[in-house]
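> Provide a 3D model corresponding to the input given below.
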Amino acid sequence: MAQYYNLHPENPEPRLIAKAADVVRQGGLIAFSTECCYALGCHTGDKDAMDRLRRLRGLDDRHHLTLMCRDLSEIARYARVDNAQYRLLKAATPGSYVFILEGTKELPRRLLHARRKTIGLRVPDDPLALALLEELGEPLLTSSLILPGEEMPLTEGWEIQDRLDDQLDLILDGGHCGTEATTVIDLTGGTPELVRAGRGPLAPFGLR
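So this is what the prediction gives:
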């Protein structure tokens, strides 16, 4: 049975954020609200938690997971970023985007796409998510909370508890989230390539 914390979406309670970070450090799988939709998250160093996340989402190792970071400098530590990519990232972070980039040697191979050795990276524009990342002091391995066979993400904490109570360790309820997931953009080629249209505007990347 999952623990359940109600948090203020703009000013999340530090005491509860600290408890949530401890759950992550101890190998827990959590659900939490973001500016886009609810997400699943776990510690980057915990293989069992990552496997639980993939099973819950119905994902294999050919699907990118997302490393949620505090800021652009943290992205540059875990991904190879050239000058052109850096300019695009600087203009669009924080924001509702996931960027596909080539991973660095800082990342365990199990976190990378099995064939391409790439990973999704994101800097959220959400007080709750950023507070959790700050308390952790490191990135969080995440995925949008879209269940197998469904097209839309879950939007309410109570709904997540009702459906996934026995598969999660903690639910951070920051209120109703929208139904738009992040915009996913592949930056590994010469020009940005749209993978998934979502909440993040396409105009900064010359896409439609």
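> how about Arg77, phi and psi?
phi -80, psi -30 (degrees, to the nearest 10).
> where do the strands sit along this protein?
3-6, 30-32, 39-42, 66-68, 97-102, 118-122, 140-144, 170-173, 183-186, 193-196 (DSSP state E).
> turn the ones you listed into CSV, including mean pLDDT and distance to Pro108.
Bear in mind the C-beta positions are built from the backbone N, C-alpha and C, glycine included. CSV is the format used below for those (pLDDT from 0 to 100; distance: least, CB to CB, whole Å):
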stretch, mean pLDDT, distance to Pro108
strand 3-6, 97, 27
strand 30-32, 98, 20
strand 39-42, 97, 13
strand 66-68, 97, 11
strand 97-102, 96, 15
strand 118-122, 96, 10
strand 140-144, 96, 10
strand 170-173, 98, 23
strand 183-186, 96, 22
strand 193-196, 94, 23
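> dump those strands to JSON lines, plus mean neighbour count.
What follows is the strands of the chain, written out as JSON lines (neighbours: other CB atoms under 10 Å):
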{"stretch": "strand 3-6", "mean neighbour count": "16"}
{"stretch": "strand 30-32", "mean neighbour count": "26"}
{"stretch": "strand 39-42", "mean neighbour count": "27"}
{"stretch": "strand 66-68", "mean neighbour count": "25"}
{"stretch": "strand 97-102", "mean neighbour count": "25"}
{"stretch": "strand 118-122", "mean neighbour count": "24"}
{"stretch": "strand 140-144", "mean neighbour count": "23"}
{"stretch": "strand 170-173", "mean neighbour count": "23"}
{"stretch": "strand 183-186", "mean neighbour count": "22"}
{"stretch": "strand 193-196", "mean neighbour count": "14"}
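> which residues sit in contact with the spatially most central residue of the chain?
In the chain, the residue lying closest to the centroid (CA atoms, centre = their mean) is Thr142, at 3.6 Å. Thr142 makes contact with Ala39, Leu40, Gly41, Cys42, Leu65, Thr66, Leu67, Met68, Arg122, according to CB atoms under 8 Å, 6 or more residues apart in numbering.
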